[in-house]
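>>> Have a look; sequence and predicted model below, questions after that.
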Amino acid sequence: MGRVQFPFWAASINATIKRRISVFADSGVHCDSSASRKPVAHLINAKLSLQLLWFMDRWCGVLNVPLHPLARSCYRVAASLCLSPTSKTLIVPSANAIFFGGDRVAGTGNEVVDRLSDLQNIAEILVSKIGGSVNAWVIEASDFNGPFAVYKDFIPSVNQWGEPELYCPDGYPASGSIVSLLSSFLEEVKSHIVRQKALPSPGISTSHFSQPKILIFGFSKGGTVLNQIVTELGFSDIELSRDELMEEKEISMEEDIHIIPRTKETLLTSIREIHYVDVGLNSPGAYITDDGAIEKISKRLTQVDKGICFILHGTPKQWRDSRRSWICDEKDKLVDLLEYEAQRSGGKLQVCEKFYFADRSPDLQMHFEIIEKLDVS
């Protein structure tokens, strides 16, 4: 095992601990600050690029995870997971917030861009904004063509630059890939917990007796994954019935079922919020504009006692780019579709636009800074 390398944000550990105490206090989760002023465990596995930090009542780490055992490449995934304050075992969250990143940006010399490009930082930001009872997952594409992210497992039609030619629901590639990836990650976490004895046991504590809701975030090119998920949700043959939702609650307490969705069907039926975060491409396709998909989602929602909210977050960097005017055109068309179907669904489908840094000229920093300024209320 090589020399232990703490992430750069661990240098200011006292500030991080204080912030987390505030977050947990706001969310109603008990924290023992006197017993949590330093990392209890920090482990590195060279093969898996594991960085594990155990602060307070959360497991925090970064893993390189294959989509399946025979996969030739891995996804780099950061997570901040709930732990029981008493048993120090993984605990069922109220929600899973899943964030998809975009292209890589290197060599800018901008501290803000560098800080908000760090996967673990993004996971911590999500927890601080949504609440201490959630699990946060931040996913980076498995393949890059230079700086360009290529989500080929999630969107089979992407070209060499990671730009989609079309969104097709056949085989549910995005929802299936999410389930496989989170399952692989969770198995690695439990495996390392056992081997390193960082926790007393790999068990699961249950505090929520229904499947955690899903909040999906797509940042920049990561928005293409959201478009694929929306397409799968709209054109799938899954029936979002009350009986199915009740059946999910009655499933036996097999641990992974309640921490993460065990099937793509469960994933799709658990989605409650879809956040587009300053998305954009160098070609059309940044926002989904298929009225058929939105109409079908709306129609299904009228038959159940749940809803889905679309939140579009943007900055002048994307929404006022005169050289890529299609980004704003697509955004406006999607909003129009959603607003129309919101009325037809009786409010089950909701849409909200949030514009940030409106008084600033477009620049790269605001494109990343929106992550820190996200209003998820």
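It's in. Small disclaimer: the values here were computed from a predicted structure and weren't measured.
>>> Give me the residue at the spatial middle of the chain.
Most central in the chain under C-alpha atoms, centre = their mean is I98, positioned 1.5 Å from the mean C-alpha point.
>>> So that one lies in a strand, does it not?
Yes: in this structure, I98 lies within a strand as judged by DSSP: H, G, I helix; E, B strand; the rest coil.
>>> Excluding covalently adjacent residues, which one is nearest to it?
Leaving out its chain neighbours, the residue that sits closest to I98 by C-beta to C-beta, 6 or more residues apart in numbering is W137, at 4.8 Å. Where you see a C-beta, it was placed from the backbone N, CA and C, and this is true even at glycine.
>>> S298 too?
Leaving aside its sequence neighbours, S298 sits nearest to E341 (C-beta to C-beta, 6+ apart; 3.7 Å).
>>> need the contact list for that neighbour.
By C-beta atoms under 8 Å, 6 or more residues apart in numbering, the contact set of E341 is 294-295, 297-298, 349.
>>> one more time with 6 Å, if that's ok
Applying C-beta atoms under 6 Å, 6 or more residues apart in numbering to E341 gives the contacts 294, 298, 349.
>>> Which of the helices or strands spans the second one?
By that I understand S298. Secondary structure from DSSP states H and E places S298 in helix 291-301.
>>> the helices in the stretch 1-150 of the chain, which residues?
If you assign secondary structure with DSSP state H, counting those that start in this stretch, the helices in the stretch 1-150 of the chain sit at 13-27, 111-115, 119-130.
>>> Flag every buried residue along the second one.
Going by neighbour count (16 or more other C-beta atoms under 10 Å), the buried part of helix 111-115 is 113-115.
>>> Strands of this protein, start to end?
Taking DSSP state E as the test, the strands found in the chain are 42-45, 50-55, 58-66, 74-82, 90-91, 95-100, 134-139, 143-145, 148-150, 204-205, 213-219, 271-277, 308-314, 349-355.
>>> what's the burial count for K221?
K221 sits with 26 neighbouring residues when counted by other C-beta atoms under 10 Å.
>>> Next up, the contacts around the closest residue to it other than its chain neighbours.
Computed as C-beta to C-beta, 6+ apart, the closest residue to K221 that is not its neighbour in sequence is G102, at 3.9 Å. Neighbouring residues of G102 by C-beta under 6 Å, 6+ apart: 149, 219-222.
>>> for the residues you listed, which one is nearest G131?
Comparing the contacts of G102 against G131 with C-beta to C-beta places F219 closest, at 20.0 Å.
>>> give me every residue that touches that closest one.
If a contact means C-beta under 6 Å, 6+ apart, then F219 has 101-102, 277 as its contacts.
>>> go again using 8 Å as the cut-off
Applying C-beta under 8 Å, 6+ apart to F219 gives the contacts 99-102, 277-279, 371.
>>> Run through the stretch 201-350 of the chain and note the low-pLDDT ranges.
Across the stretch 201-350 of the chain, the ranges flagged by pLDDT under 70 are 201-209, 238-257.
>>> Where do the helices of it begin and end?
With DSSP H, counting those that start in this stretch, the ranges of helices along the stretch 201-350 of the chain come out as 223-235, 242-249, 255-259, 264-270, 291-301, 316-319, 326-344.
>>> and among those helices, the most buried is which?
helix 223-235 (a mean of 25; mean count of other C-beta atoms under 10 Å).
>>> quick one: that one to strand 271-277, angle?
In this structure, helix 223-235 runs at an angle of 150 degrees to strand 271-277, with axes from the mean of the first three to the mean of the last three C-alpha atoms, to 10 degrees as the basis.
>>> For helix 223-235, name the packing helices and strands.
Other elements packing on helix 223-235 under the criterion 3 or more C-beta pairs under 8 Å, 6 or more residues apart in numbering; DSSP states H and E are strand 95-100, helix 173-196, strand 213-219, helix 264-270, strand 271-277, helix 291-301.
>>> Okay, now the sheet partners of the fifth one, with direction.
Read that as strand 271-277. When pairing is defined by DSSP bridges, strand 271-277 lines up against strand 213-219 (parallel), strand 308-314 (parallel).
>>> what angle separates that strand from helix 291-301?
Relative orientation of strand 271-277 with respect to helix 291-301: 150 degrees, computed using the same axes, to 10 degrees.
>>> and what of the shortest one?
Angle, strand 95-100 to helix 291-301, by the same axes, to 10 degrees: 180 degrees.
>>> and what of the second one?
Going by the same axes, to 10 degrees, helix 173-196 is angled at 70 degrees with respect to helix 291-301.
>>> And helix 173-196, what's buried?
Neighbour counts using 16+ other C-beta under 10 Å place 173-186, 188-190, 192-193 of helix 173-196 among the buried residues.
>>> Put the alpha carbons of that helix into CSV.
C-alpha atoms of helix 173-196 as CSV (Å, rounded to 0.1, in the frame of the first residue of the first chain):
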residue,chain,number,x,y,z
PRO,A,173,-29.6,1.3,-21.2
ALA,A,174,-29.4,4.3,-18.9
SER,A,175,-31.7,3.0,-16.1
GLY,A,176,-30.1,-0.4,-16.3
SER,A,177,-26.6,1.0,-16.2
ILE,A,178,-27.4,3.1,-13.2
VAL,A,179,-28.7,0.1,-11.3
SER,A,180,-25.6,-2.0,-12.2
LEU,A,181,-23.2,0.7,-11.4
LEU,A,182,-24.6,1.6,-8.0
SER,A,183,-24.9,-2.1,-7.1
SER,A,184,-21.2,-2.7,-8.0
PHE,A,185,-20.2,0.3,-6.0
LEU,A,186,-22.1,-0.8,-2.9
GLU,A,187,-20.6,-4.2,-3.1
GLU,A,188,-17.1,-2.7,-3.2
VAL,A,189,-17.9,-0.5,-0.2
LYS,A,190,-19.1,-3.4,1.9
SER,A,191,-16.1,-5.5,0.8
HIS,A,192,-13.6,-2.9,1.9
ILE,A,193,-15.5,-2.3,5.2
VAL,A,194,-15.1,-6.0,6.0
ARG,A,195,-11.4,-6.3,4.9
GLN,A,196,-10.2,-3.1,6.6
